[in-house]
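A.B. asks: Build the 3D model from these lines:
(chains A, B, C and D)
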Number of protein chains: 2
Amino acid sequence: MSQQRVTYTPESLLRVAVELFNERGYDGASMGQLAEAAGITKSSIYHHVRGKEDMLRLALERATGVLFALLDEPDATTGRAIDRLRYVVWRATEVLIEELPYVTLLLRARGNTETERWALDRRRELDHRVADLVARAAAEGDLRADIEPRLAARLLFGLVNSVSEWYRPGRSGAGPRQVGEAVAAVAFDGLTA
Amino acid sequence: MSQQRVTYTPESLLRVAVELFNERGYDGASMGQLAEAAGITKSSIYHHVRGKEDMLRLALERATGVLFALLDEPDATTGRAIDRLRYVVWRATEVLIEELPYVTLLLRARGNTETERWALDRRRELDHRVADLVARAAAEGDLRADIEPRLAARLLFGLVNSVSEWYRPGRSGAGPRQVGEAVAAVAFDGLTA
DNA sequence: GTCTATACCGTGATAGAC
DNA sequence: GTCTATCACGGTATAGAC
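C.D. replies: Numbers count the residues shown, from 1 in each chain, chains lettered A, B, ... in the order given. Next up is the predicted model:
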């Protein structure tokens, strides 16, 4: 709740803000609540950032940044489409967990503000690139034929992104890598023994 | 946008409200916007419902209602656990699509208000009942052993619920039944050919 | 770099006329 | 059943002292 810290940088304040945004929703979170969580007054916040939406922008830029970066990694750009796809699914899950608060915020953006609409555009771009990979894997005959590639891509995204709904860093067992492996295993091979 | 309708019932107003809540988010949607979408003034809204949160309550009651009902259907309560589970996954997807706006609202509830916290409790109850089914199927040896049942249950929910992120009623191809079958197919057998 | 004080606006909600 | 008029409140943001 209350912070010991005497001074803030934009980054350290952003961390507090993003956590609050995820707890209450961006619209549901007020600058008063942020001030309380940060242990400073509302006015002081404006010394570090331009305003509420500015913090949202910084967070969404970070989230889209890490996701685009993963698509350019060597294992995502070389080899058979099905293998690249499997790597992307695993790695996207891992990245999602590593940058959980930021990516969660991205996944919840609804397009209410200019910043959110920009982020949704970037997300659509990401989706499109992965959908291409799915289509390629399907064309190479490595995906089951009874599910059309568009639908397959959506289910893949859904499975990966849904991790943000329940994963909590402190808690127990599976880390980013293990969850990523589980997601890829279920997506491609299914839950059945 | 504007409505021809001269008068509203609580139900018909609720439909407009839920659509708006899903577009802008519950917190992001204002009574002024609802008035505009409904083609009446803010004040008139209060003739039909007690207020904003009252409409949220009605919507979330409906969503939890249909989901609980599905768990009591014959195919969900008799037979081998793996078969019941497969039925629940397929049927939950179908119900989610049939009641898309209401279930979507439920899936986005974050616990900001008393109503949302009540809904989250009910959802946890639902999750628990399905998780039990997963554990039973695992105990009967019908689920792969390298993924623990808790995680398997979460991925199952995630896959089903993620449909609310992209499914749009008017659009093309797959209907509720087909999507439900695809979700169950991917969840249990995977995407690989 | 943070504070107090305050401007200004949109919010959910109510009263009472028609 | 819907309207106009209005309310109290909390929202983001700014000014200026320390």
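A.B. asks: And residue A:4, what's its pLDDT?
C.D. replies: We have a pLDDT of 50 for residue A:4.
A.B. asks: residues in contact with residue A:108?
C.D. replies: By Cβ atoms under 8 Å, 6 or more residues apart in numbering or on different chains, the residues touching residue A:108 are A:22, A:25-26, B:108. Any C-beta I mention is one placed from the backbone N, CA and C, and that applies to glycine too.
A.B. asks: Look up how far residue A:54 lies from it.
C.D. replies: 18 Å (Cβ to Cβ, to the nearest Å).
A.B. asks: what's the answer for residue A:89, then?
C.D. replies: With Cβ to Cβ as the criterion, residue A:89 and residue A:54 are 33 Å apart.
A.B. asks: who in chain A is up against DNA strand C?
C.D. replies: Neighbours of DNA strand C within chain A, by Cβ under 7 Å from any atom of the strand: A:6-8, A:40-44, A:47-48.
A.B. asks: Just the element for the most centrally placed residue in chain A, please.
C.D. replies: What sits nearest the mean C-alpha location of chain A, by Cα atoms, centre = their mean, is residue A:103, with 2.4 Å. Taking DSSP states H and E as the definition, one finds residue A:103 inside helix A:100-108.
A.B. asks: Just the buried residues from the residues of chain A next to DNA strand C, in PyMOL please.
C.D. replies: In PyMOL, this line selects whichever of the residues of chain A next to DNA strand C come out buried by 16 or more other Cβ atoms under 10 Å in any protein chain shown:
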select buried, chain A and resi 8+40+48
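A.B. asks: Let's see which of the residues of chain A next to DNA strand C end up in helices.
C.D. replies: A:42-44, A:47-48 (DSSP state H).
A.B. asks: coming back round to it: check what pLDDT the residue nearest to the centre of chain A gets.
C.D. replies: On the pLDDT scale, residue A:103 gets 98.
A.B. asks: so residue A:191 makes contact with residue B:185?
C.D. replies: No. If you go by Cβ atoms under 8 Å, residue A:191 and residue B:185 don't touch, sitting 11.2 Å apart.
A.B. asks: Show me which of those two is the more surrounded one.
C.D. replies: residue A:191 (29 against 19; other Cβ atoms under 10 Å in any protein chain shown).
A.B. asks: show me what contacts the more buried one?
C.D. replies: For residue A:191, the contact set (Cβ under 8 Å, 6+ apart) comprises B:143-144, B:147, B:152, B:155-156, B:187-188.
A.B. asks: Which of the residues you listed sits closest to residue B:170?
C.D. replies: If you rank the contacts of residue A:191 by distance to residue B:170 using Cβ to Cβ, residue B:187 comes first, at 26.1 Å.
A.B. asks: Just give me the longest helix of chain A.
C.D. replies: Chain A, longest helix under DSSP H: helix A:114-139.
A.B. asks: quick one: the helix or strand just after it near chain B?
C.D. replies: Using DSSP H and E, the helix or strand that follows helix A:114-139 in sequence is helix A:149-162. Yes. Applying Cβ under 8 Å from any Cβ of the partner chain, one finds helix A:149-162 in contact with chain B at A:151-152, A:154-159, A:161-162.
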